[in-house]
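Enquirer: generate coordinates for the sequence data below:
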Amino acid sequence: MREKEKERMKEIINAKNLKLLPLVKSENGGRVVEILEACFSKSPDWLDKHCEPRADQKNLDGLSMVEESGLTRHHVKKALREICVHYKSVSEYIKAPDKFQGYYYCSYLDVKNHYRTRYFRNDTLVDSHLEALWDAQSIQLETHSAEGKSEQKAT
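Expert: Numbering: from 1, shown residues only. Okay, here's the model as predicted:
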């Protein structure tokens, strides 16, 4: 995706729009995608994030999911199940032939590294779905804009 398109795409990355993505089933899911996308825009390869606040949270990518989203732990976990395949260990992740299994993200719990959850982004799938959403939003905006202009001419 080109830089100009990435900048324009940021305009649609919000929970209300993201709930329109095929894998997202709720506005909470959209909120979690919004958080992950913001983190991945700063650290595109991977990110470490806890679900809940922890005392040893320093050196992670911002706040926990619960703190950033304002959702409960239960709602964050439920939203993550919509969009992310989770592996219980690094070795389980490494052994998986298809890391993403059709999801936007995958993650594993790194027990040896302070129980951090490391997330990875399925760039091809996420980008294609965001582009499709962007195209749909652009068409809607153009349609509403054209309708508004024709109404102004009629009056």
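Enquirer: the spatially closest residue to Asn113 that is not a sequence neighbour - how many residues pack around it?
Expert: Setting aside the residues directly before and after it, Asn113 is nearest to Asp48 in space (C-beta to C-beta, 6 or more residues apart in numbering), at 7.8 Å. C-betas here are computed from N, CA, C, even on glycine. For Asp48, the neighbour count with other C-beta atoms under 10 Å is 18.
Enquirer: any idea which element Asp48 lies in?
Expert: According to DSSP states H and E, Asp48 maps onto strand 47-49.
Enquirer: so what touches whichever helix or strand comes after that strand?
Expert: Remark: after strand 47-49, the chain's next helix or strand is helix 65-69, criterion DSSP H and E. Contacts to helix 65-69, defined as C-beta atoms under 8 Å, 6 or more residues apart in numbering, come from residues 28, 31-32, 35, 49-53, 62, 71-73, 75-76, 80.
Enquirer: from the chain's centroid, how far away is helix 65-69?
Expert: 13 Å (C-alpha atoms, centre = their mean, to the nearest Å).
Enquirer: C-terminal to that helix, what's the next element?
Expert: With DSSP H and E, the next secondary element past helix 65-69 is helix 73-83.
Enquirer: I'd like to know which elements the very next helix or strand once past that following helix is packed against.
Expert: Following helix 73-83 in sequence order, the next helix or strand is strand 84-87 (DSSP H and E). Packed against strand 84-87 by the contact rule (3 or more C-beta pairs under 8 Å, 6 or more residues apart in numbering; DSSP states H and E) you find strand 105-110.
Enquirer: perfect, that will be all.
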